[in-house]
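Engineer: Provide a 3D model corresponding to the input given below.
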Amino acid sequence: MPTFKEFKKVLPAANMPMLPDYSIDEESYRKHLRWLATFDIGGLVISGHAGELESLTPKERIRVAEIARYEIPGHLPMVVGVTGLSTRELIECARDAKAAGADGLLVMPIPHFAFGAVDRPELIVPCFEALAEAVDLPMIVFRYGAKTGLMYSVEVLLKIAEQVPQVVAIKDSSFEYEPAWVAFQNFPRKINFLVAHGSLFLIRFATSDGAVSSFSNVAPEFITKLFELAHSGQMEEATKLFNKIRPLSDAIYHNQPLMQHWVVEKEALVARGRFPRAVVRPPFQPLKPEQVEGIRKAVAASGLAPLA
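Structural biologist: Below is the predicted model of the structure:
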């Protein structure tokens, strides 16, 4: 297996199909990963928020990673989301991911950081140092948006990257991407910037190194092409393509609470013929029939015919 030193291009964050009893639908998950791997992507992210990481037991997380390792071709890195309520839990989660074959880690912030720590490097950096010492894998730092209370300051991001050489990329889901991107232009080593789907993602594709995006697990043929066009400066063509899929983008991400995005994405995958059902574990809630119909119409309006 190759050793991956960086993560770039589009890395779809895979949704997790489930059976009616809320257990993992392994057969559908395998098919979904194999399908995503056929596109021009830079790797796959499993057990991120779109994969409902927080609802999975440690045993399930290991099983998901084992399945993904078997299905994802060796030329594509498998990045595993890791989380925990403490540094110790975060390390245990990361060790399990590495044992299952992870090529890299998408490191979620510890929830307690929301209590006044996100702009204090002395409280954040030791956590990453301990994680790097325990599990020597390339890391993507997940920078949340400000509304979560977990948006790392630019100073904290710089200190993490300075003190922890295993950090190779930042996934920036905030609306303050540009100041962080500018601050890293003179950093002594290359840190890749990966964006998420959002109202400004098309513009940010032009300057970013890639994306970690759950929308690209719904419409990979569009998002990979969008990145290619925007990253090469073909913004007019990129804008035309974005306008084509905008009905679906708006249906999923506008006027929806963040915690419901994964539900809507699953319904879009059902409409595309990729998932047999859109089951989610509580506290996530299924959509109402009229909302499901809206998603189906948006899929059709975006030109995404159901797939066999």
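Engineer: which residues of the stretch 51-200 of the chain score low on pLDDT?
Structural biologist: Within the stretch 51-200 of the chain, the ranges that satisfy pLDDT under 70 run 198-200.
Engineer: And the helices in it, which stretches?
Structural biologist: Assigned helices in the stretch 51-200 of the chain, in chain order: 58-71, 87-99, 121-134, 154-163, 177-183 (criterion: DSSP state H, counting those that start in this stretch).
Engineer: between these, which one is nearest to E6?
Structural biologist: helix 154-163 (13.1 Å; C-beta to C-beta). In this view, the C-beta of every residue, glycine as well, is placed from N, C-alpha and C.
Engineer: between that closest one and helix 121-134, how big is the angle?
Structural biologist: Angle of helix 154-163 versus helix 121-134, following axes from the mean of the first three to the mean of the last three C-alpha atoms, to 10 degrees, is 30 degrees.
Engineer: Just the C-alphas of helix 154-163, formatted as CSV.
Structural biologist: What follows is helix 154-163, C-alpha atoms only, in CSV (Å, rounded to 0.1, in the frame of the first residue of the first chain):
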residue,chain,number,x,y,z
VAL,A,154,-6.0,31.5,12.8
GLU,A,155,-3.4,31.7,15.5
VAL,A,156,-4.4,28.2,16.8
LEU,A,157,-4.3,26.7,13.3
LEU,A,158,-0.8,28.1,12.8
LYS,A,159,0.4,26.8,16.1
ILE,A,160,-1.0,23.3,15.5
ALA,A,161,0.7,23.1,12.1
GLU,A,162,3.9,24.5,13.5
GLN,A,163,4.1,22.0,16.4
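Engineer: returning to what we had before: mind putting the helices of the stretch 51-200 of the chain into CSV with distance to P282 and mean neighbour count?
Structural biologist: Converted to CSV, the helices of the stretch 51-200 of the chain look like this (distance: least, C-beta to C-beta, whole Å; neighbours: other C-beta atoms under 10 Å):
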stretch, distance to P282, mean neighbour count
helix 58-71, 16, 17
helix 87-99, 22, 19
helix 121-134, 29, 17
helix 154-163, 33, 18
helix 177-183, 32, 16
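Engineer: Nearest to I295, out of those helices?
Structural biologist: Nearest of the helices of the stretch 51-200 of the chain (C-beta to C-beta): helix 58-71, 24.9 Å.
Engineer: got the contact list for the closest one?
Structural biologist: If you take C-beta atoms under 8 Å, 6 or more residues apart in numbering as the criterion, helix 58-71 is touched by 14, 16, 24, 26, 29-30, 33-34, 37, 44, 46-47, 51, 53, 56, 78, 80, 92-93, 96-97, 99-102.
Engineer: between it and helix 87-99, how big is the angle?
Structural biologist: Going by the same axes, to 10 degrees, helix 58-71 makes 30 degrees with helix 87-99.
Engineer: buried ones in stretch 225-233?
Structural biologist: Neighbour counts over stretch 225-233 (16 or more other C-beta atoms under 10 Å) mark 225-231 as buried.
Engineer: Stretch 293-308 now?
Structural biologist: 294-296, 298-299, 302, 304.
Engineer: Could you confirm K266 falls within a helix?
Structural biologist: Yes. Under DSSP: H, G, I helix; E, B strand; the rest coil, K266 falls within a helix.
Engineer: Tell me, how many residues neighbour it?
Structural biologist: Residues lying near K266 (other C-beta atoms under 10 Å) number 27.
Engineer: Name the nearest residue to it, ignoring sequence neighbours.
Structural biologist: A278 (3.8 Å; C-beta to C-beta, 6 or more residues apart in numbering).
Engineer: Outside of stretch 179-187 itself, list whatever touches it.
Structural biologist: Everything outside stretch 179-187 that qualifies as a contact, by C-beta under 8 Å, 6+ apart, is 143, 154, 157-158, 161, 170, 172, 174, 191, 193, 207-208.
Engineer: what distance separates the longest helix seen in the chain from the middle of the whole chain?
Structural biologist: For the chain, the longest helix by residue count, based on DSSP state H, is helix 235-253. Its chain's C-alpha centre and that of helix 235-253 lie 19 Å apart, by C-alpha atoms, centre = their mean, to the nearest Å.
Engineer: still on that earlier bit, identify, from the buried residues of stretch 225-233, the entry nearest to N243.
Structural biologist: Distance to N243 across the buried residues of stretch 225-233 (C-beta to C-beta) is lowest for L226, with 10.9 Å.
Engineer: And the pLDDT at that closest one?
Structural biologist: pLDDT, L226: 94.
Engineer: Go ahead and confirm it touches I203.
Structural biologist: No. Between L226 and I203 there is no contact under C-beta atoms under 8 Å: 11.4 Å.
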